[in-house]
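> let me see the structure of the following:
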Amino acid sequence: MKKIDLVFRTVGERTSDAALELAVKNIQPQQVHIIENVKPFSQAVQQMLAIDYDCDFVVFADADCLIFEDMVPFLQDNNLPYVDCYVLDQFRGHIHCGVHITRIDVVRTMQKIEIPEGDRQYVLRPESSTRHLALRQLNQGKAFKHFQIFHDFFQYYRDIFVKYVIRELRNRKGYLEDKLKVNQADWIKQSEDSEERDFIVANYAVNYSRKFIKGNSEEIEQLISDLPQIAMRELEKLNIAEKEALTLQQVLELSAKINPKKWQRSKRMKVFGIGLSRTGTKSLTEALNMLGINVVHSPNDETTLQELIAGNYEFSLLNSWDGITDTTVAPYYAQLDKIYPNSKFILTVREKESWLKSIEAHWSKKPIFDDAPSQKSKMQLRRLLRSAVYGTYQFNADRLSYVYDLHYKNVLEYFRDRPDSLLVINICQGEGWDTLFPFFDFPVGCNEPFPYNKSKDMKI
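Purely as a prediction, here's the structure:
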């Protein structure tokens, strides 16, 4: 049986007591290490890395995360070096944030990493930066897993202010900066539609950061230390009284009323991977998620099936996610472009003969008929997409070769006058961050290797 430790980080969040009780209940750790009121966060990271762990995995959980799912079965089965957990965030929909499952060899490597001096990225993301360097040394990558976790619900206004000043500092580049502005528009609408002031405070904090914070790494580190006092001062200006303390019973009652569908994202600034299957779509999906662009690969849920049958290409999934990749969206780029203006489209490509061999092997393992009731929807969706994309249920080299060429030609023709909307990338031939970053107007450079998905037939 695997030994699991829990490291619980709190700086007095309103949900701290409830979050700890829920984490212990749903993780069942052998030991609990509490990092309490250590600021700035870089010092909290140093303290958690100073612990002498005796376990197989460490779950690092923040006090702004309310875990409502039994994680024990996954933790006992899991052997992945690092798992970033998807949560439902009040302000940004589904994101990976706040709960991190880390294998002990990665933790021990993190403990040996030399802390860089004057590194702005480290100042803003000390845990993430240290972990990136450790994973790189071990030649390991990250994985993502969805759990029923609520993030940033029911928090004190002062903590929301602090968090979204830092959020703005972390998103001063390209696509993420534009996306944050889209989020702000959503918050304004939600604050108008309800009496919830959380969105007013978050929006105010982002605007405050843009207006007043221009400093270098050293100045930013000092500012982060001063943010709690700044938050109290600015809330007084807004004439917003702080919330009262919270109990676990109140959390359970409030959480029962949460409808994830309410947290709908704006119909702008989506990202769609419109390459055909076996052209690197899984690698693209992981890379986008590593950049904080939360996309889902080839969804096969019943809702998506019924929407495709009805010709509804808005996709309910996009109320919570930044985008979709693979054949679920590949044939519908023109419709998606109209429904979701200002979006980004990425066409993954591959040498055709290699692709044909890969798709033939892939389809041989993916039947289109299965009598098991549990497989009914999946089989129906598979047949629908093979018809829509390829015009055949069974592998036919001539037909698929024709479809591959036609899809490539049509996509390039559709976006011929809009080079900023379409990126063509050949991941299978080694293209990665150097190609992806400029498309989103990010400065080229990443602490982690590009997530090439290696298989027997090729990188896919």
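
> burial measure for the spatially closest residue to Tyr408 that is not a sequence neighbour, as a count.
Nearest residue to Tyr408 in three dimensions, chain neighbours excluded: Val349, at 6.6 Å (Cβ to Cβ, 6 or more residues apart in numbering). Every residue, glycine included, has its C-beta placed from N, CA and C. By the measure other Cβ atoms under 10 Å, the count of residues near Val349 is 21.

> my guess is Val349 meets Lys409, correct?
No - look at Val349 against Lys409 with Cβ atoms under 8 Å: they stay out of range, at 11.8 Å.

> the nearest residue to Lys3 once chain neighbours are set aside and Ser16, how far apart?
Leaving aside its chain neighbours, Lys3 sits nearest to Cys55 (4.2 Å; criterion: Cβ to Cβ, 6+ apart). Using Cβ to Cβ, to the nearest Å, Cys55 is found at 23 Å from Ser16.

> what does the domain assignment say about the protein?
4-151, 157-242, 271-439 (automatic domain parsing).

> can you tell me which of those is nearest to Glu448?
Nearest to Glu448, of all those, is domain 4-151, at 5.1 Å by Cβ to Cβ.

> ends of the closest one, how far apart?
Taking Cα to Cα, to the nearest Å as the measure, domain 4-151 stretches 22 Å from start to finish.

> next: stretch 76-92.
30 Å.

> beyond the worst-scoring helix or strand of the chain on mean pLDDT, next helix or strand please.
Lowest by mean pLDDT, DSSP states H and E among the helices and strands of the chain is helix 120-124, with a mean of 70. Downstream of helix 120-124, the next assigned helix or strand under DSSP states H and E is helix 126-138.

> give the buried residues for that following helix.
Pro126, Glu127, Ser128, Ser129, Thr130, Arg131, His132, Leu133, Ala134, Leu135, Arg136 (16 or more other Cβ atoms under 10 Å).

> same check, this time on stretch 28-42
For stretch 28-42, by 16+ other Cβ under 10 Å, it's Pro29, His33, Ile35, Val38, Pro40, Phe41, Ser42.

> for that stretch, give the mean pLDDT please.
Average pLDDT, stretch 28-42: 93.

> run through who's touching that stretch.
3-12, 20, 24, 44, 47-48, 51, 54-55, 59, 72, 115, 122-123, 126-127, 221, 224-225, 228 (Cβ atoms under 8 Å, 6 or more residues apart in numbering).

> sorry, back to before: and of the domains of the chain, who's closest to Leu254?
domain 4-151 (9.4 Å).

> gap between that closest one and the chain center?
In terms of Cα atoms, centre = their mean, to the nearest Å, the gap separating the centre of domain 4-151 from the centre of its chain is 15 Å.

> and the strand or helix carrying Arg167, what does it pack onto?
Using DSSP H and E, Arg167 falls within helix 157-170. For helix 157-170, the contact count by 3 or more Cβ pairs under 8 Å, 6 or more residues apart in numbering; DSSP states H and E identifies helix 120-124, helix 174-193, helix 198-212, helix 217-238 as packing neighbours.

> dump the C-alpha coordinates for that helix into PDB.
The C-alpha coordinates for helix 157-170 follow below in PDB (Å, rounded to 0.1, in the frame of the first residue of the first chain):
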ATOM      1  CA  TYR A 157     -12.400  39.600  -0.300                       C
ATOM      2  CA  ARG A 158      -8.900  40.500   0.800                       C
ATOM      3  CA  ASP A 159      -7.600  37.100  -0.500                       C
ATOM      4  CA  ILE A 160      -9.300  37.500  -3.800                       C
ATOM      5  CA  PHE A 161      -7.700  40.900  -4.200                       C
ATOM      6  CA  VAL A 162      -4.200  39.600  -3.500                       C
ATOM      7  CA  LYS A 163      -4.700  36.600  -5.800                       C
ATOM      8  CA  TYR A 164      -5.800  38.700  -8.700                       C
ATOM      9  CA  VAL A 165      -3.100  41.300  -8.500                       C
ATOM     10  CA  ILE A 166      -0.700  38.300  -8.700                       C
ATOM     11  CA  ARG A 167      -2.800  36.700 -11.500                       C
ATOM     12  CA  GLU A 168      -2.400  39.900 -13.600                       C
ATOM     13  CA  LEU A 169       1.300  40.000 -13.000                       C
ATOM     14  CA  ARG A 170       1.600  36.300 -14.200                       C
END
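
> tell me which residues of it are tucked away?
157-169.

> in TSV: those residues, plus pLDDT.
Output for the buried residues of helix 157-170, formatted as TSV (pLDDT from 0 to 100):
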residue	pLDDT
Tyr157	97
Arg158	96
Asp159	96
Ile160	97
Phe161	97
Val162	95
Lys163	94
Tyr164	97
Val165	96
Ile166	92
Arg167	92
Glu168	94
Leu169	91
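
> low-confidence ranges in the stretch 201-350 of the chain?
217, 260-266 (pLDDT under 70).

> contact partners for Pro451?
Gly141, Ser283, Glu286, Ala287, Met290.

> doesn't Glu117 lie inside a helix?
No - read with DSSP: H, G, I helix; E, B strand; the rest coil, Glu117 is coil and lies in no helix.

> how close does it get to Gln46?
Distance from Glu117 to Gln46, by Cβ to Cβ: 14 Å.

> look at the two and report which has more neighbours.
Using other Cβ under 10 Å as the criterion, Glu117 and Gln46 rank with Gln46 on top: 15 against 8.

> quick one: contacts for the more buried one?
Applying Cβ under 8 Å, 6+ apart, the residues contacting Gln46 are Ile115.

> CA atoms of the helix or strand harbouring it as PDB?
Gln46 belongs to helix 41-48 when assigned by DSSP H and E. Extracted C-alpha coordinates of helix 41-48, given in PDB (Å, rounded to 0.1, in the frame of the first residue of the first chain):
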ATOM      1  CA  PHE A  41       4.800  32.000  -1.000                       C
ATOM      2  CA  SER A  42       8.500  31.500  -2.000                       C
ATOM      3  CA  GLN A  43       9.300  31.000   1.700                       C
ATOM      4  CA  ALA A  44       6.400  28.600   2.100                       C
ATOM      5  CA  VAL A  45       7.900  26.500  -0.800                       C
ATOM      6  CA  GLN A  46      11.300  26.500   0.900                       C
ATOM      7  CA  GLN A  47       9.600  25.300   4.200                       C
ATOM      8  CA  MET A  48       7.700  22.500   2.500                       C
END
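
> C-terminal to that helix, which secondary structure element comes first?
Following helix 41-48 toward the C-terminus (DSSP H and E): strand 57-62.

> can you name every helix or strand that the next helix or strand after that following strand contacts?
Going down the chain from strand 57-62, the next helix or strand is strand 65-67, by DSSP H and E. If you count contacts as 3+ Cβ pairs under 8 Å, 6+ apart, strand 65-67 packs onto helix 16-27, strand 93-103, strand 143-151.

> show me what the longest one is in contact with.
Okay, so that is helix 16-27. So helix 16-27 is contacted by 4, 6, 8, 10, 13, 32, 34, 59, 61-72, 75, 246-248, 251 (Cβ under 8 Å, 6+ apart).

> one more: the last one?
With contacts defined as Cβ under 8 Å, 6+ apart, strand 143-151 is touched by 64-69, 71, 74, 80, 82-90, 94-99, 101, 255, 258, 286, 289.
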